[in-house]
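1. Sequence plus predicted model, see below.
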Amino acid sequence: MSPRWSKLSASANADSAYHKFLSETPDAYTYICICTRPGSNPNDDLSESNEEEIPPECDGGKTCVCFKPLPEHPDHPYTFSKAGLEKMITYRIMIDLRDPDSFGMYTFNDHAGMGALEVVQNALLDFRDAMGKADWRGMWAVCEGLGWLVVGNWVAPMMMIDDGGILDETQILFEHMFLCMLAELEKQGQLGPNSDVRNLGFVMGMYADEVKTKRSDFEIPDPEIQTKSRKGVSYRGQNFVPYLVAYATRRNITMHGPSNMDEIIAEAEEEAEQEDVVLPTGNKDPWKWMAALKAYEKKNRLLGYGGIRKTQVGGDALDITTFSSQERKRRSFSKQDPLTADMIQSIKDGLVLQLG
């Protein structure tokens, strides 16, 4: 078990279940369809479409295309790997485990928000672990799952925390991760229209749209302090979408997703020309993401929340199931432990706790 997890932890069980899924699913990195673009309002996406093009209402795959193999619907625009979908589900479970409202408890005002942040940090650490194993497929699954989690607004409580600094840093590290991912795919010969990654253009479009939408909410340092060289780029939030467009142009990838994708690309191309955007060279982490993560960990590993002590970023300190029964009783509105004896035993047995 990862040292991130406590001895008794539903988050640990969810993480173990994901790895079990990988070991038991030979086609985990094949692609399936989903009905609609994550984070979108289907009516908005189809506002300019023909009525005949409007897909049937999603029913979880009974009659819609959800979870159907991509080869059966090769022109469907919205697709994820099975591993990416499973990653997203795992992260959603972890977010629920960090929401005191789901347990009928009150701990401190920012618990759910800081809990969502803790899950995002775990995703960044998952990416690090896969990168350390040179597992580009595992890295991509993290980018899919975390990207879907963010654009689907499941981390919304995080945006309300009373610590804008760490939000900015985490957002930028999230973006930085994706640039690192694209560089790794290019290194592996997997960045292009014939890549084994069948949703490249869609996921790149998803990240571009999300970052452009959120950009006004985050502070970007003075561009004068950005450092560039032919061997690497120190990314601090500058020119994210232009970098994506540069990769897409160089490798003939068509980014797609939101209805205003053409506008996003045009603005990015103009920005790239003004800012003289240049992609880094070098085969080993040209974006220096690992160094950025280490700096982030060093700065934030002892950051405590609401009297809850932490010794690392990520982990499960804010997972309610890691609290003692006495602590849960003390924080519960009913003064009873919201976890029954059977639920606690299930966690001890390694089962995944999913909240309704």
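-> It's in. Residues are numbered from 1 along each chain as shown.
2. What ranges does the chain have for its strands?
-> Applying DSSP state E to the chain gives strands spanning 31-33, 79-81, 227-228, 233-234.
3. among those, which is the most enclosed?
-> By mean neighbour count, with neighbours taken as mean count of other Cβ atoms under 10 Å, strand 79-81 ranks first of the strands of the chain at a mean of 24. All C-beta spots, glycine's among them, are computed from the backbone N, C-alpha and C.
4. Give the other helices and strands that that one contacts.
-> Helices and strands touching strand 79-81, by 3 or more Cβ pairs under 8 Å, 6 or more residues apart in numbering; DSSP states H and E, are strand 31-33, helix 136-151.
5. quick one: which of the strands of the chain is nearest Lys335?
-> strand 79-81 (42.9 Å; Cβ to Cβ).
6. Nearest to Asp163, out of the strands of the chain?
-> Closest among the strands of the chain, using Cβ to Cβ: strand 233-234, at 23.4 Å.
7. quick one: low-confidence parts of the stretch 151-300 of the chain?
-> The stretch 151-300 of the chain contains residues with pLDDT under 70 at 215-233.
8. any chance you could map the helices in it?
-> All helices of the stretch 151-300 of the chain, identified by DSSP state H, counting those that start in this stretch, fall at 164-187, 200-214, 240-250, 261-275, 289-300.
9. out of those helices, which comes closest to Leu8?
-> Across those, Leu8 has its closest neighbour in helix 289-300 (24.7 Å, Cβ to Cβ).
10. most centrally placed residue in this protein?
-> The C-alpha lying nearest the average C-alpha coordinate of the chain belongs to Leu146 (Cα atoms, centre = their mean; 1.3 Å).
11. neighbours of the closest residue to that residue other than its chain neighbours, just the number please.
-> Residue nearest to Leu146 in three dimensions, not counting chain neighbours: Ala123, with 4.2 Å by Cβ to Cβ, 6 or more residues apart in numbering. Using other Cβ atoms under 10 Å, Ala123 has 25 neighbouring residues.
12. if I pick Ala123, what's in contact with it?
-> Lys87, Tyr91, Val142, Gly145, Leu146, Leu149 (Cβ atoms under 8 Å, 6 or more residues apart in numbering).
13. Next, the buried residues of stretch 105-124.
-> 105, 107, 110-124 (16 or more other Cβ atoms under 10 Å).
14. Please apply the same query to stretch 68-79.
-> Buried residues in stretch 68-79 (16+ other Cβ under 10 Å): Lys68, Leu70, His76, Pro77, Tyr78, Thr79.
15. So what would you say the end-to-end distance of it is?
-> End-to-end span of stretch 68-79 (Cα to Cα, to the nearest Å): 10 Å.
16. got the contact list for it?
-> Contacts of stretch 68-79 with the rest of the structure, by Cβ under 8 Å, 6+ apart, involve 30-38, 61, 65, 198-199, 202, 256-257.
17. Could you dump the helices of the stretch 151-300 of the chain into a markdown table with distance to Asn13 and mean neighbour count added?
-> Shown next, in a markdown table, are the helices of the stretch 151-300 of the chain (distance: least, Cβ to Cβ, whole Å; neighbours: other Cβ atoms under 10 Å):
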| stretch | distance to Asn13 | mean neighbour count |
| --- | --- | --- |
| helix 164-187 | 25 | 21 |
| helix 200-214 | 28 | 22 |
| helix 240-250 | 35 | 21 |
| helix 261-275 | 39 | 15 |
| helix 289-300 | 24 | 16 |
